[in-house]
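In: Just to be clear, the model below is a prediction. Sequence and coordinates:
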Amino acid sequence: MADIRPFRGLRYDTAHVALADVVCPPYDVIAPAAAGALRRLSPYNAVHVELPVSPTSDPSGRYAAAAGLLDAWRAAGVLRADDAPSLYLVSQRFAGAGGSEVTRRGFVCRLRLEDFSRRVVLPHEKTHAGPKRDRLELLRATHTQLSQIFMLYADPADEVGRALAAAAPPPQPALEARDGDGNPCSLQPLSGPVVDQVARLMSGKQVLIADGHHRYETALAYRDERRAAGETDADWVMVCLSSMDDPGLAVFPTHRLLRGVTVPPADEVIERLRGSFTVVSEQSGDPHEWGPAMELVSRSSGATKLLGLYFPAERRSVTLEPRGTAALDALVRRGLSPVRARLSVTLLAELVFRDALGLDPEHLEGHVDFAKSVDDAVDDLASGDYGLAAFLGATPMADVQAMAELGEAMPQKSTYFYPKLLTGLVFDLH
């Protein structure tokens, strides 16, 4: 089962930089404007290597540029390798659903790469070829894993958590930074006997990929390349492991915005959906009118599933609720498992995109943008580039786990685990 080990992390030397100035979000959630701001914040910000910019007109030069920056930062002492192999405790505080502060805890380590067929590492989302090509070129150039893949494990008795807590030193404020939402995140290296104890506890567990499917599949491809060259230095991948029983684990929805496709008039779409959905509400106007209804959709989950659609051309929104079991039964008759059929992302992909819009969900790459919140979607809609916005409720963790255990993949960006891990807390140089 899961095989983990400590490693000598490559970390920023806080004698040279402030950690708050050099961390950034994962590459796939950094908007272009945010990337520019991060680059201006510090010449050492991790965004310079996570989303590198080519110094020439040739875009492929960005990968060599990232490698050159890492080498320069190490030579200048801005990045230093830790003296001892360690696990790295990560603690992130944020406002939970009820508004009170909660904490999500995890630890960074190396995990032995396993093919999905071995059922040690369980995926739950489909991936696209483009991001994997990009991450593979970056890994080839830098030989460095820049950000942690976020993974979950079952630990109802909290054995791993209690072992880590018992051995953890007092928090070190110098190793704390905040993400873009102001959530504090701290990192603590941990070595000694507890490392072997945690490795033993993890050895009987499966792990589920929460965030980082593209990076995991990229790591598998890179491992196979290195093995073909007679090397085994890429058999491990840097991950952050958290318990799926952690009270701080939060899953938010990811909303969809369609561009470059033909969207029929709202009345026509709604009529096509009436066999499977009940229209809960309809509104017209700007976000001040329809925004609150979409926020209610965002907070729906479990047995209560709502979908929200906004038609920018008509400035019209509609909130939909599945009509009894009609929608689920129709999808099961198509050959989908009951677990997959009940997911909000499946209802959207199959009944809205495929049936009502006539679009094949499997061929929408390049036509779908994602928003983590209603406010972000509203901001994106202001561009005028989109023909439809679709709002979803969160996928319950139990459904994510059930899909992974069945070996079924959900559509890309079916979940938004919050908060995101910060890139730049620790790198892994191979």
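Out: Everything's here; your move.

In: any low-confidence regions in the stretch 201-350 of the chain?
Out: Applying pLDDT under 70 to the stretch 201-350 of the chain flags the ranges 302-304.

In: Tell me which stretches of it form helices.
Out: 213-228, 266-273, 287-299, 326-333, 338-341, 344-346 (DSSP state H, counting those that start in this stretch).

In: Packing partners of the first one?
Out: So that's helix 213-228. helix 129-142, strand 149-153, strand 236-243 (3 or more C-beta pairs under 8 Å, 6 or more residues apart in numbering; DSSP states H and E). Backbone N, C-alpha and C define where each C-beta goes, glycine included.

In: so where's the stretch 51-200 of the chain shaky on pLDDT?
Out: 97-98, 169-174.

In: That one: helices as residue ranges?
Out: Counting by DSSP H, counting those that start in this stretch, the helices of the stretch 51-200 of the chain are 61-75, 129-142, 159-167, 193-202.

In: quick revisit: include mean neighbour count when you put the helices and strands packed on helix 213-228 into TSV, please.
Out: TSV is the format used below for the helices and strands packed on helix 213-228 (neighbours: other C-beta atoms under 10 Å):
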stretch	mean neighbour count
helix 129-142	18
strand 149-153	24
strand 236-243	24
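
In: For Asp71, find the nearest of those.
Out: helix 129-142 (9.1 Å; C-beta to C-beta).

In: what distance separates the closest one from the middle of the whole chain?
Out: The chain centre lies 17 Å from the centre of helix 129-142; the measure is C-alpha atoms, centre = their mean, to the nearest Å.

In: could I have it exported to PDB, CA atoms only?
Out: Output in PDB follows, covering the C-alpha atoms of helix 129-142 (Å, rounded to 0.1, in the frame of the first residue of the first chain):
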ATOM      1  CA  ALA A 129      -3.500  16.400 -22.400                       C
ATOM      2  CA  GLY A 130      -2.400  20.100 -22.500                       C
ATOM      3  CA  PRO A 131      -1.600  20.700 -18.800                       C
ATOM      4  CA  LYS A 132       0.200  17.400 -18.700                       C
ATOM      5  CA  ARG A 133       2.500  18.300 -21.600                       C
ATOM      6  CA  ASP A 134       3.200  21.600 -19.900                       C
ATOM      7  CA  ARG A 135       4.100  20.100 -16.500                       C
ATOM      8  CA  LEU A 136       6.200  17.300 -18.100                       C
ATOM      9  CA  GLU A 137       8.300  19.900 -20.000                       C
ATOM     10  CA  LEU A 138       8.800  21.800 -16.700                       C
ATOM     11  CA  LEU A 139       9.700  18.700 -14.800                       C
ATOM     12  CA  ARG A 140      12.200  17.600 -17.500                       C
ATOM     13  CA  ALA A 141      13.900  21.000 -17.300                       C
ATOM     14  CA  THR A 142      14.000  21.600 -13.600                       C
END
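
In: returning to what we had before: the helices of the stretch 51-200 of the chain: which one's closest to Ser383?
Out: Judging those by C-beta to C-beta, what sits closest to Ser383 is helix 129-142, at 21.2 Å.

In: Now do the contacts for the spatially most central residue of the chain.
Out: Centroid-nearest residue in the chain, with C-alpha atoms, centre = their mean: Asp211, separated by 3.5 Å. By C-beta atoms under 8 Å, 6 or more residues apart in numbering, the contact list for Asp211 reads Pro26, Ile149, Phe150, Phe417, Lys420, Leu421.

In: The last one reaches Ser147, doesn't it?
Out: Yep, that's Leu421 we're talking about. Yes: with contact defined as C-beta atoms under 8 Å, Leu421 counts as touching Ser147 (6.9 Å).

In: what residues are shared contacts of those two?
Out: If you check Leu421 and Ser147 against C-beta under 8 Å, 6+ apart, the residues they both contact are Pro26.

In: follow-up on the earlier one: JSON lines please, covering the contacts of Asp211 and showing distance to Ala377.
Out: Shown next, in JSON lines, are the contacts of Asp211 (distance: C-beta to C-beta, whole Å):
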{"residue": "Pro26", "distance to Ala377": "20"}
{"residue": "Ile149", "distance to Ala377": "26"}
{"residue": "Phe150", "distance to Ala377": "23"}
{"residue": "Phe417", "distance to Ala377": "19"}
{"residue": "Lys420", "distance to Ala377": "18"}
{"residue": "Leu421", "distance to Ala377": "23"}
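
In: before we move on, back to that, so for Asp379, which of the helices of the stretch 51-200 of the chain sits nearest?
Out: helix 129-142 (22.7 Å).

In: all strands for the stretch 1-150 of the chain, in order.
Out: 4-5, 10-12, 79-81, 87-95, 101-112, 121-122, 144-145, 149-153 (DSSP state E, counting those that start in this stretch).

In: Throw those into a markdown table and include distance to Ala228, thanks.
Out: Output for the strands of the stretch 1-150 of the chain, formatted as a markdown table (distance: least, C-beta to C-beta, whole Å):
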| stretch | distance to Ala228 |
| --- | --- |
| strand 4-5 | 23 |
| strand 10-12 | 26 |
| strand 79-81 | 28 |
| strand 87-95 | 31 |
| strand 101-112 | 18 |
| strand 121-122 | 21 |
| strand 144-145 | 20 |
| strand 149-153 | 23 |
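
In: Can you check which of those strands gets nearest to Gly324?
Out: strand 121-122 (31.7 Å).

In: Could you list the paired strands of the closest one along with their orientation?
Out: As defined by DSSP bridges, the strand partners of strand 121-122 come to strand 207-211 (parallel).

In: Figure out how far the partner strand is from the centre of its chain.
Out: 9 Å.

In: what's the angle between that strand and helix 213-228?
Out: Per axes from the mean of the first three to the mean of the last three C-alpha atoms, to 10 degrees, the angle that strand 207-211 makes with helix 213-228 is 120 degrees.
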